[in-house]
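Undergrad: coords please:
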Amino acid sequence: MDDRVCVGVISGAFGVRGEVRLKSFCAEPAAIEQYAPLYSEDGKRRFGVELTRQVKGGFAARLSGIATKEEADALRGARLFADRDALPTLPEDEFYHADLIGLEVVDTGGQSLGRVHAVHDHGAGDLLEVLGPGLTASVLLPFTQANVPTVDLAAGRLIADPPEGLFPSAPDTPPHED
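TA: Residues are numbered from 1 along each chain as shown. Sure, this is the predicted structure:
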């Protein structure tokens, strides 16, 4: 799926004529229509997209090949992907979430802190969910220039300078006894 990026999800049927509720993950939400055809996660289904109206939490949309409420309901939760080359080129300091997932997270001293498991956006900025050895739970690292000064996609890693106490520190070495 490296050649495709998740751009939206179907949250259910809208009405009785086969329209779906479509939540867009695009910076400009209505642009999702321009990136069609959109594909199912497994790549086996392909959809043309026509946004019909804005609704709470997204859009009502017609997808090619979907004509009934039952067909639309069956797509609930389906993530939709666009070909990467159909998407706009991003400025140097912006990244698609899909490109960040899986990157190794290292601190400024080169010590591995884990890997990016997911990217969350709850409205106040992106959070990188980091999982790794030595972590009893995931850590949410704010994805800001101060906390993540370097993203090196070619090397498959990002350098983090997290706030003190966000990641557990290495256990202290016990004092040497004589």
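Undergrad: would you map out the domains in the chain?
TA: Here the domain assignment for the chain is 4-85, 97-160, based on automatic domain parsing.
Undergrad: first to last residue in the shortest one, what's the distance?
TA: If I follow you right, that is domain 97-160. End-to-end distance of domain 97-160: 17 Å, with CA to CA, to the nearest Å as the criterion.
Undergrad: now it, how far from the centre of its chain.
TA: 13 Å (CA atoms, centre = their mean, to the nearest Å).
Undergrad: begin at 29 from here
TA: Yes, from this point I'll number from 29; that puts the last item at domain 125-188.
Undergrad: just the mean pLDDT for that domain, thanks.
TA: Domain 125-188 shows a mean pLDDT of 91.
Undergrad: related to what we said a few turns ago, which of the domains of the chain is buried the deepest?
TA: When those are scored by mean count of other CB atoms under 10 Å, the highest mean neighbour count falls to domain 32-113 (a mean of 17). (C-beta placed from N, C-alpha, C; glycine too.)
Undergrad: which ones are touching residue 159?
TA: By CB atoms under 8 Å, 6 or more residues apart in numbering, the contact list for residue 159 reads 142-143, 145, 166-167.
Undergrad: let's see it at 10 Å
TA: Applying CB atoms under 10 Å, 6 or more residues apart in numbering to residue 159 gives the contacts 133, 141-146, 165-167.
Undergrad: leaving out the residues flanking it, which one is nearest to residue 173?
TA: Excluding the flanking residues, the one nearest residue 173 by CB to CB, 6 or more residues apart in numbering is residue 121, at 7.6 Å.
Undergrad: my read: the one you found touches residue 171, true?
TA: No: with contact taken as CB atoms under 10 Å, residue 121 and residue 171 are classed as non-touching, separated by 11.1 Å.
Undergrad: find residues that contact each of those two.
TA: Shared contacts of residue 121 and residue 171 (CB under 10 Å, 6+ apart): residue 179.
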